[in-house]
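> Sequence and predicted structure below; questions after.
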Amino acid sequence: MSTDYKQPIEAKLFINGEFVDASDKKRFPLKSPWTHEVVAYVAEASINDTNAAVSAAKAAQPAWARLSPKQRGEYMKKFASLLREHGEELAHLEALSMGRPISGYVDHLLAANRFDYYAEAGYTALGQSSLNTPGHLNVTLRQPFGVVAAIIPWNVPLVAFSGKVGPALAAGNTVILKSSEKAPLTSIKVAEYIVQAGFPPGVVNILSGHGQISGAALASHMDVRALSFTGSTRTGRLIQEAAAKSNLKNLIFELGGKSPAVIFEDADLEKAVPATSHSIQWNSGQVCMANSRIYVQRSIAPAFMAAFKESFGNVHLGDPTDPATTHGPLADAAQADSVTRYLEMGKKSGQLLLGGDFEPQTFTAMPTIFINTTEDSKVLKEEIFGPVVHINVFDTEEEALEKANASEYGLYAAVYTRDIGRALRFAIGLESGTVGVNCTSPATGFDMPFGGYKGSGVGREGIRESLDAFLEKKTVMLKID
Ligand code: NAD
């Protein structure tokens with residue numbers, strides 16, 4: 001990848017169609033996790049900036065909602081094609097900010113596909129009619145909330161951006177998106193495409209900065225009527241509290257995970273091994289749905305572990321801007337500290353089979369496998385968000401299901417077996433928003449709901465679910481005289 005991109009980048013806020021500094025001029029340095037050099041100075045949105053973005057969105061919303069779905073869709077189509085054109089630059093920005101290898105970067109395409117879908121989907125926002133109340137024709141109307149907010153994490157920024165901004169706009173809302181302080185560069189870059197696509201000022205506003213300031217201000221803002229959040233369960237709790245204490249805004253939460261994969265002795269190991277090792281290796285394991293717990297049946301445990309170790313360890317470590325790299329650094333110093341603490345804990349509650357090392361010069365954690373970890377240990381209960389997997393052994397189906405479900409998380413679970421009865425029992429029994437049968441994360445369906453059981457989320461995202469979540473439902477009673 002070329003190094004021609006001018007650095008450090010000056011990342012501003014995007015409010016009411018203008019790129020502006022923070023009102024108090026505050027900004028923070030963003031360092032590459034690989035080189036530790038400052039790659040950008042990023043505007044830190046203040047409470048005043050947050051209020052200004054909400055006011056701009058509020059002023060723009062009635063005219064935006066009056067457009068037909070087709071008219072709103074025209075802007076979204078142009079935006080989608082600009083995303084498609086700029087994949088290389090967007091990949092580079094993600095590599096600089098949070099160390100995501102540019103190899104295999106497809107987030108701009110996933111985002112463009114979503115915007116293309118939502119460019120047409122406004123027409124599916126339909127209500128019901130009923131003649132079941134004597135003397136009445138009753139109907140429901142689907143209407144936008146008004147101003148909505150989106151708060152996104154750093155690991156797949158444009159995927160989260162498109163999954164929230166696309167449906168919010170199609171539904172006729174205007175939006176304030178707050179990017180993550182660890183990966184703000186693609187969100188503010190695509191604000192340029194928002195301008196080029198011709199969106200009216202105020203329809204999309206983009207804030208950067210830390211969650212405790214602008215994120216918290218959005219969560220408690222009285223004019224924000226719905227908020228879609230992707231991030232940690234810890235932050236989800238804070239947002240829920242802020243919403244409860246302010247205007248009880250509608251919330252959609254996509255939170256953390258500790259996803260299990262269960263491998264039975266009749267599984268096709270040639271498929272199960274590469275899929276489960278890719279799941280926890282991709283993006284250095286910094287993926288909400290990565291299978292971070294694997295339960296393997298005793299008779300095949302030695303063979304599975306040997307093959308998994310070979311597959312998981314077979315990575316090309318390096319500079320995330322190098323196209324040959326498949327395993328980059330952790331996102332930043334805080335993420336590195338957290339993962340190294342879990343590595344030390346893991347050595348005490350299980351046996352190390354692979355890795356366990358951390359390279360402080362480049363914040364790189366090696367692919368790590370622990371085996372025979374105590375079931376109630378912290379490392380098996382908490383989300384590590386790194387390339388760290390725990391492989392434990394089981395004997396019976398009942399034991400496997402119980403262990404897989406022994407988590408406060410429930411985002412994605414996988415089962416590998418050739419026994420159809422067992423596959424169905426697990427599909428029903430696993431406490432998880434998505435179950436993969438002979439497949440695992442990140443395999444998902446474009447038209448399938450996505451979200452979490454238990455502490456992994458509230459509500460669901462998905463092409464239909466997200467549009468629905470951004471629409472109010474009103475009953476209109478029409479009396480027939
Ligand atoms: P995080 O919770 O630390 O931050 C997420 C966002 O919330 C950031 O923009 C942050 O600035 C903001 N924030 C922080 N404090 C806030 C507050 N008090 N009020 C409002 N906003 C606040 O999470 P992260 O470290 O960015 O992302 C990693 C987490 O996200 C992991 O737990 C991962 O599993 C989860 N995740 C879930 C999904 C999913 O679809 N379920 C997808 C990706 C990531």
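Cool, the structure landed. Keep in mind that this is a model prediction, so the values were computed, not measured.
> Next, the closest residue to Lys271 other than its chain neighbours: phi, psi?
Leaving aside its sequence neighbours, Lys271 sits nearest to Asn438 (CB to CB, 6 or more residues apart in numbering; 6.8 Å). The way it works is simple: take the backbone N, C-alpha and C, and place the C-beta from them, glycine included. The phi/psi pair for Asn438 (degrees, to the nearest 10) reads phi 60, psi 30.
> Contacts only, for Asn438.
Taking CB atoms under 8 Å, 6 or more residues apart in numbering as the criterion, Asn438 is in contact with Ala267, Asp268, Lys271, Ala272, Val415, Tyr416, Thr417, Ala423.
> other SSEs contacting the helix or strand where the third one lies?
Per DSSP states H and E, Lys271 falls inside helix 269-281. For helix 269-281, the packing partners by 3 or more CB pairs under 8 Å, 6 or more residues apart in numbering; DSSP states H and E come out as strand 259-263, strand 291-297, helix 301-313, strand 412-416.
> List the contacts of the second one.
Applying CB under 8 Å, 6+ apart, the contact partners of strand 291-297 are 257-265, 276, 279-280, 285, 304-305, 308, 380, 383-384, 388-395, 400, 403-404, 407, 412, 414, 440-441.
> and that strand, what's its mean pLDDT?
Across strand 291-297, pLDDT averages out at 98.
> Around the ligand, which positions in the stretch 301-450 of the chain sit nearby?
Proximity of the stretch 301-450 of the chain to the ligand is confined to Glu383, Phe385, Leu411 under the rule CB under 6 Å from any ligand atom.
> Top of those by number of neighbours, please.
Leu411 (27 neighbours; other CB atoms under 10 Å).
> what sits against that one?
255-257, 259, 288-289, 432-434, 451-453, 456-457.
> how about CSV for those, with secondary structure and neighbour count added?
Compiled in CSV, the contacts of Leu411 are given as follows (DSSP: H, G, I helix; E, B strand; the rest coil; neighbours: other CB atoms under 10 Å):
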residue, secondary structure, neighbour count
Leu255, coil, 26
Gly256, coil, 24
Gly257, coil, 29
Ser259, strand, 31
Cys288, coil, 27
Met289, coil, 27
Ser432, coil, 26
Gly433, coil, 24
Thr434, strand, 24
Gly451, coil, 20
Gly452, coil, 28
Tyr453, coil, 18
Ser456, helix, 29
Gly457, strand, 26
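> how far does stretch 126-141 stretch from start to finish?
7 Å (CA to CA, to the nearest Å).
> Please apply the same query to stretch 372-388.
End to end - CA to CA - stretch 372-388 spans 14 Å.
> Just the buried residues of the longest helix along the chain, please?
Determined from DSSP state H, the single longest helix within the chain is helix 47-66. Buried residues in helix 47-66, counted by 16 or more other CB atoms under 10 Å: Asp49, Thr50, Ala52, Ala53, Val54, Ser55, Ala56, Ala57, Ala60, Gln61, Trp64.
> Touching, the first one and Ile15? I think so.
Read it as Asp49. Yes - if you go by CB atoms under 8 Å, Asp49 and Ile15 touch, sitting 6.6 Å apart.
> Residue of the stretch 51-200 of the chain nearest the ligand, please.
Pro153 (3.1 Å; CB to the nearest ligand atom).
> Ramachandran coordinates for the residue lying closest to that residue once chain neighbours are set aside?
Leaving aside its sequence neighbours, Pro153 sits nearest to Gly231 (CB to CB, 6+ apart; 4.6 Å). The phi and psi torsions at Gly231 (degrees, to the nearest 10) take the values phi 170, psi -150.
> what sits up against stretch 50-66?
By CB under 8 Å, 6+ apart, stretch 50-66 touches 13, 15-17, 23, 45, 72, 143-144, 146-147, 169, 172-176, 200-203, 205, 207, 213-214, 217-218, 221, 223-224.
> That one near the ligand at all?
No - applying CB under 6 Å from any ligand atom, one finds stretch 50-66 separated from the ligand by no less than 10.6 Å.
> cool, and stretch 201-212?
Yes - judged by CB under 6 Å from any ligand atom, stretch 201-212 and the ligand are in contact via His210, Gly211, Gln212.
> and that stretch, what's its mean pLDDT?
98.
> And that stretch, what's buried?
So, applying 16+ other CB under 10 Å, buried residues of stretch 201-212: Pro201, Gly202, Val203, Val204, Asn205, Ile206, Leu207, Ser208, Gly209, Gly211.
> taking the residues you listed one by one, which sit in strands?
When these are checked against strands (DSSP state E), the matches are Val204, Asn205, Ile206, Leu207.
> Quick check: the last one touching Ser179?
Yes - counting by CB under 8 Å, Leu207 touches Ser179, with 7.3 Å between them.
> need the contact list for Lys348.
Lys348 neighbours (CB under 8 Å, 6+ apart): none.
> cool, Ser179 as well?
Counting by CB under 8 Å, 6+ apart, Ser179 has contacts Ile152, Pro157, Phe161, Thr186, Ser187, Ile188, Ile206, Leu207, Ser208.
> again, only using 7 Å
Residues in contact with Ser179 (CB atoms under 7 Å, 6 or more residues apart in numbering) are Ile152, Pro157, Ser187, Ile206, Ser208.
> Can you add distance to Lys77 and give those residues back as JSON lines?
Putting the contacts of Ser179 into JSON lines (distance: CB to CB, whole Å) gives the following:
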{"residue": "Ile152", "distance to Lys77": "22"}
{"residue": "Pro157", "distance to Lys77": "22"}
{"residue": "Ser187", "distance to Lys77": "20"}
{"residue": "Ile206", "distance to Lys77": "20"}
{"residue": "Ser208", "distance to Lys77": "26"}
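> Touching stretch 122-140 from outside, list them.
Stretch 122-140 has contacts (CB under 7 Å, 6+ apart) with 69, 72-73, 141-142, 170-171, 467, 471, 473-480.
> With stretch 381-400 instead?
Here stretch 381-400 makes contact (CB under 7 Å, 6+ apart) with 256-258, 262, 280-281, 284-286, 292-298, 301, 305, 308, 330, 339, 342-343, 346, 350, 365, 367-373, 379-380, 403, 407, 409, 422.
> Straight-line length of that stretch, end to end?
So stretch 381-400: terminal residues 16 Å apart, CA to CA.
> average pLDDT for that stretch?
98.
> And stretch 229-241, by the same measure?
98.
> do the same with stretch 365-376
Rounded mean pLDDT across stretch 365-376 is 97.
> and that stretch, how far from the chain's centre?
Centre-to-centre, stretch 365-376 and its host chain are 24 Å apart (CA atoms, centre = their mean, to the nearest Å).
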